[in-house]
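Engineer: quick one, structure for this:
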Amino acid sequence: MESYADKKLYGLTGPQQLIYVMQSRYNGRGCTLCCALLMKGQRPEAEITAALNELFRINDALRTRIVHEDGMPRQYIADYEPQRFEVMRLQSDSEIDAFAEEELQRGVPFDGQLCELRIIQLPDRYGVFVTCHHIITDVWGIAVLGNQFIALMHGETPEAYTVTDFFERDAQYRASGRAARDRQFFIDQYNKIGEPRFFPIAGEGETEQIGKRAFTLPADDMRAVERFAAERNASPFAVMFAALSVMAARHIGKDAFLMALMSLNRVGHRERHSRGMHVESVPTYCSVDPDASFADHVAATSAELLATMRHAQYGYAAILTDLFLEHNMMSNAYDMSLNAFNARIDTRGGAEIRQYPYPGNGYGLHISTSDLTGSGELRMEYSYRISPREPTIDELHAELVSILMDGVAHEDRPLRELGR
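Structural biologist: Residues are numbered from 1 along each chain as shown. I've put the predicted structure just below:
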């Protein structure tokens, strides 16, 4: 690694701390993000190379390096230097998919360059394959990079902002009184449920269900959810979160528990157009009264989500540390999550993005939703690791959609009757 004696060192941000823990606990498995950004037609490799080098120049996050000072992880921004890029001459999307699986298993070395770009050449398309360590980018950042590449290939100057601003703001927050108040909020959340209850896992001698599976919620169904949400001054995400909590309560056998809320930490224009690891995961209190109506449950869920969002900058890594110190808790606080990824991909030139997130390490049920192109359809991507005695992932998805659409159509129906 290059000398960093003359570089400014920064501590890890809250979002980065959790990825660092994952790197240590799982030896990097689950810490890699891959995607392929493809455009129709052909372009000279020299033009694509110039665009990729420009991405490294304008995005300091891509040049982040991790080092250890006095046993603590620190980071700095390496100087920009032009690079040469491997060219992958492929014949089909299936070859890209196979390569992505290899990359996810290989992972990204933690002690060097944390982002690698490769040129893709297909018979009718060209583009870039991105392999990044999760500690320097989230999935939103992958979309930002894709849109920057598309702009460059159209001869435009893309927006780009420095990640070091985020490093400094996060450090200021950690030292503030607000962080202390946020800490107490999440301890109080935990105290309301007692010991966490999780989605059923495999018992001794059983082979668990584990994998990744994607489904599509049709545009007509999504429009119905959006109309229902708008009429109740709620977000579509809150409506879906409410439906998931109803399903979760039935399977874990408890009416009060914690589920994960993903906070994007991208509240302004600068953040929405920045690379870097911004996303946080925090536990949200869920209370499911079987006799309550779906409309009332959505209202209560919306209030809990808003309260959690106000404290979300504190982050899951810090919360786990606090719960260990307060309660000697050795497990996770939750094992279920619903994530709404609402970045948009510029589709000029027939551009498309193929994402390859790692299936995950923890037990439970994790759902990521996205509508990258604005088609109105909602892609629902499940990562799961659950008991073989539970329904299959196809059946669980059907159950969730049934609860959701039944609640939207019959808002006064009690939760115990939804989807039955």
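
Engineer: and the strands in this structure?
Structural biologist: For the chain, the strands defined by DSSP state E cover 10-11, 32-40, 64-69, 72-77, 87-89, 115-121, 125-133, 209-217, 256-263, 280-287, 336-341, 352-357, 364-370, 378-386.

Engineer: for residue 316, find the nearest of those.
Structural biologist: Evaluated with C-beta to C-beta, the strands of the chain place strand 280-287 nearest to residue 316, the distance being 4.6 Å. In this view, the C-beta of every residue, glycine as well, is placed from N, C-alpha and C.

Engineer: measure residue 345 to residue 165 for me?
Structural biologist: Counting by C-beta to C-beta, to the nearest Å, the separation of residue 345 from residue 165 is 25 Å.

Engineer: same check, this time on residue 291
Structural biologist: According to C-beta to C-beta, residue 291 stands 49 Å off from residue 165.

Engineer: of the two, which one has the most company?
Structural biologist: Between residue 291 and residue 165, residue 165 has the larger neighbour count (other C-beta atoms under 10 Å), namely 13 against 9.

Engineer: mind listing what that one touches?
Structural biologist: Contacts were defined as C-beta atoms under 8 Å, 6 or more residues apart in numbering; by that measure residue 165 touches residue 270.

Engineer: separation between it and residue 377?
Structural biologist: The value you get for residue 165 to residue 377, if C-beta to C-beta is used, is 35 Å.

Engineer: burial measure for residue 192, as a count.
Structural biologist: Using other C-beta under 10 Å, residue 192 has 11 neighbouring residues.

Engineer: just give the closest residue to it, not the sequence neighbours.
Structural biologist: Sequence neighbours aside, residue 285 is the residue nearest to residue 192 in space, at 5.8 Å (criterion: C-beta to C-beta, 6 or more residues apart in numbering).

Engineer: if that neighbour is in a bridge, with which residues?
Structural biologist: Applying DSSP bridges to residue 285 gives these bridge partners: residue 258.

Engineer: that one and residue 257: what is the separation?
Structural biologist: 8 Å.

Engineer: who has more neighbours, those two?
Structural biologist: More crowded of residue 285 and residue 257, by other C-beta under 10 Å: residue 257, with 27 against 20.

Engineer: ok, now which ones touch the residue nearest to residue 192?
Structural biologist: Going by C-beta under 8 Å, 6+ apart, residue 285 touches 189, 192, 193, 256, 258, 304, 308.

Engineer: contact partners for the closest residue to residue 243 other than its chain neighbours?
Structural biologist: Counting by C-beta to C-beta, 6+ apart, residue 243 lies nearest to residue 404, which is 3.9 Å off, once chain neighbours are set aside. Contacts here follow C-beta under 8 Å, 6+ apart; on that basis residue 404 touches 225, 239, 240, 243.

Engineer: most neighbours of all those, which one?
Structural biologist: residue 243 (29 neighbours).

Engineer: quick check: it touching residue 399?
Structural biologist: No - the criterion here is C-beta atoms under 8 Å, and residue 243 misses it with residue 399 at 9.8 Å.

Engineer: against residue 58, how distant is residue 100?
Structural biologist: For residue 100 relative to residue 58 (C-beta to C-beta), the value is 25 Å.

Engineer: same thing with residue 232?
Structural biologist: For residue 232 relative to residue 58 (C-beta to C-beta), the value is 42 Å.

Engineer: higher neighbour count, the two?
Structural biologist: Between residue 232 and residue 58, counting by other C-beta under 10 Å, residue 58 is the more crowded of the two (18 against 15).

Engineer: quick one: contacts for the closest residue to the more buried one other than its chain neighbours?
Structural biologist: Sequence neighbours aside, residue 160 is the residue nearest to residue 58 in space, at 3.9 Å (criterion: C-beta to C-beta, 6+ apart). When contacts are counted by C-beta under 8 Å, 6+ apart, residue 160 touches 58, 59, 148, 273, 274, 275.

Engineer: show me just the buried residues among those residues.
Structural biologist: Buried by 16 or more other C-beta atoms under 10 Å: 58, 59, 148, 274, 275, out of those.

Engineer: thought the first one was touching residue 158?
Structural biologist: Yes - under the criterion of C-beta under 8 Å, residue 58 is in contact with residue 158, at a separation of 7.1 Å.

Engineer: what is in contact with those two at once?
Structural biologist: residue 148.

Engineer: which of the buried ones among the contacts of residue 160 fall within helices?
Structural biologist: Members of these lying in helices (criterion: DSSP state H): 58, 148.

Engineer: closest one of the buried ones among the contacts of residue 160 to residue 32?
Structural biologist: For the buried ones among the contacts of residue 160, the nearest to residue 32 is residue 275 (16.0 Å; C-beta to C-beta).

Engineer: for that closest one, which non-adjacent residue is closest in space?
Structural biologist: Closest to residue 275 by C-beta to C-beta, 6+ apart is residue 61, at 3.8 Å.

Engineer: give me the neighbour count for that neighbour.
Structural biologist: So residue 61, with other C-beta under 10 Å, has 26 neighbours.

Engineer: who's in contact with it?
Structural biologist: With contact set as C-beta under 8 Å, 6+ apart, residue 61 has these partners: 136, 137, 141, 163, 274, 275, 276.

Engineer: what sits against the nearest residue to the fifth one once chain neighbours are set aside?
Structural biologist: Translated: residue 274. Computed as C-beta to C-beta, 6+ apart, the closest residue to residue 274 that is not its neighbour in sequence is residue 161, at 4.6 Å. Neighbouring residues of residue 161 by C-beta under 8 Å, 6+ apart: 270, 273, 274.
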